[in-house]
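Undergrad: Would you be able to build a 3D model of this:
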Amino acid sequence: MTTQYRLYGALGSGSAIVELMLAKAGVGYETVEAAPWGDAAQRALLGQVNPLGQVPTLVTPSGTILTESAAIAFHIHDHFPASALLPPPATPARDWCMRWLIFLVAAIYPSFTYGDEPSRWVDAGAAAELRSRTDRWRQNLWRMVEAEAAIPWFLGDTSSAIDLYIAVMVEWRPRRAWFQDNCPKLAAIAERVASDPTFAAILDRHRAAAASPLPGS
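TA: Alright, predicted model coming up:
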């Protein structure tokens, strides 16, 4: 059992999203650098809490292990409702938020699983093509999100966890410049999140690690 939240993550990865959620909730936490692409010691640490060897992984003060960033978002919102990561239940806004939050994690996020290390899934001769196709498909998916986005936040006047996802994911392929040219509403949401002092330092720290091989290479 731990006295506070412990986040297993990696600079430049999706663990930045969970850091933003915890910051929005005003919750203290400690971080454990455990990059899936790191050294053997980091991978061993991560394997102790997540057999898939994936980040983010969150250990709650009660000792419960949470994987999957959407599950973590639901947990934080339920335990700290003032964080307003999700709209009120049984409202159209909640339904809309749930649809597109799950779209991010179920449609877009997995494209990095296959595209970042294509040689894990196909023979070497097909790796470049898998990378290229997942990159192109991801751009199509982001255009779908752009078409549904409101302003100034994805849901309109109310911020949510979706905005935090966007703020982190625009730093990954196809990168911020592409979003500015092709998904201006999403780029503006990301800039709005980054301008908040609550989030700026977290985003700057992870952005500085953008040269890491995953997920933004």
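
Undergrad: ok, residues contacting the least confident helix or strand in the chain by mean pLDDT?
TA: Counting by mean pLDDT, DSSP states H and E, the chain has its least confident helix or strand at helix 109-115, which shows a mean of 86. The contact list for helix 109-115, computed with CB atoms under 8 Å, 6 or more residues apart in numbering, reads 14, 69, 121, 130-131, 134-135, 137-138, 141, 172-173, 214-215. For glycine as for every other residue, the C-beta is placed from the backbone atoms N, C-alpha and C.

Undergrad: Mind doing that once more with 7 Å?
TA: If you take CB atoms under 7 Å, 6 or more residues apart in numbering as the criterion, helix 109-115 is touched by 121, 130-131, 134-135, 137-138, 172, 215.

Undergrad: Most neighbours out of the residues you listed, which is it?
TA: Using other CB atoms under 10 Å as the neighbour criterion, Pro215 leads these with 24 neighbours.

Undergrad: Which pLDDT value goes with it?
TA: pLDDT for Pro215: 47.

Undergrad: quick revisit: mind listing what's buried along the very next helix or strand once past the least confident helix or strand of the chain?
TA: Sequence order places helix 124-148 as the next helix or strand after helix 109-115, per DSSP states H and E. Using 16 or more other CB atoms under 10 Å as the test for burial, helix 124-148 gives 127, 130-131, 134, 138-139, 142, 145.

Undergrad: before we move on, back to that, give me the distance from the least confident helix or strand of the chain to the chain's centre.
TA: 12 Å (CA atoms, centre = their mean, to the nearest Å).

Undergrad: Name the residues of it that are buried.
TA: 109, 111-112, 114-115.

Undergrad: Could you do stretch 28-37 as well?
TA: For stretch 28-37, the neighbour count (16+ other CB under 10 Å) marks 29, 31-37 as buried.

Undergrad: what does stretch 142-160 contact?
TA: If you take CB under 7 Å, 6+ apart as the criterion, stretch 142-160 is touched by 85-87, 93, 96-97, 100, 108, 162-163, 166, 182-183, 185-186, 188-189, 192.
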